[in-house]
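Here's my sequence, what's the structure:
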Amino acid sequence: MDNDGYRPSNVTLTNERARVLVVDDDAAARLTMTEILADEFRVFTAADAERAFVVLSSERIDLICTDYQMPGQNGLDLLAVATKADPLIAGVLVTGHKEYLARARATDSIDYQVLIKPFDPQQLLTLVRRAINTARLKRTLSGSQRSPNATPRR
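Sure thing, here's the model as predicted:
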């Protein structure tokens, strides 16, 4: 886990470890996902969307890995707000509500990967790697330099 406030300026994403924000109200699930991802990525954590917005306002995050069902705003709402502030941020929505997602995917306009609980650790790693690589490619092709502290507006 990394919450040291270090924010390099003008460093290309391909030369540093990607930064992943894990958001889940279940502390055990949050810890498990953090442990799975920490060897490859700089991991930040939040227990809910409100705390996630605090992290997003102070850290440059490359990918949000969020549970769907949480108190307050759900994970899909969190991803919608975050991608509005930074359209090239990647997202992985973790859920046990597969039935709901089929309907939600038909109406939402944000791009994210879905991981159904329970999941294998390798599935999480594969989806996160794929989403980050896609986001990096989109950012490179668009020539976009995002502000390190783009604050999501709720």
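
hey, let's count contacts and neighbours off CA atoms from now on
Fine.

who's in contact with E40?
By C-alpha atoms under 8 Å, 6 or more residues apart in numbering, the residues touching E40 are R17.

swap that for P71, sorry
D25, D48.

Okay, buried residues for the host helix or strand of N133 please.
N133 is part of helix 121-142 when elements are defined by DSSP states H and E. By neighbour count with 16 or more other C-alpha atoms under 10 Å, helix 121-142 contains the buried residues L124, L127, V128, R129, A131, I132, N133, A135, R136, R139.

Give me the helices and strands touching that helix, please.
helix 27-37, strand 63-67, strand 90-95, strand 113-116 (3 or more C-alpha pairs under 8 Å, 6 or more residues apart in numbering; DSSP states H and E).

what residue ranges in the protein are flagged as low confidence?
Along the chain, the parts satisfying pLDDT under 70 run over 1-15, 99-109, 144-154.

50 instead?
The chain contains residues with pLDDT under 50 at 1-14, 147-149.

So which residue is dead centre in it?
Central residue of the chain (C-alpha atoms, centre = their mean): I64, 0.6 Å from the mean position.

show me what contacts T140?
Applying C-alpha under 8 Å, 6+ apart, no residues contact T140.

roughly how far apart are it and A52?
Remark: distance between T140 and A52 (C-alpha to C-alpha, to the nearest Å) = 26 Å.

now the residue nearest to H97 when sequence neighbours are not counted, which residues is it bridged with?
Spatial nearest neighbour of H97, excluding adjacent residues (C-alpha to C-alpha, 6 or more residues apart in numbering): I116 at 7.6 Å. Beta-bridge partners of I116, counted by DSSP bridges, are T95.

correct me, but I116 touches Q123?
No. Assessed by C-alpha atoms under 8 Å, I116 is found out of contact with Q123, at 9.6 Å.
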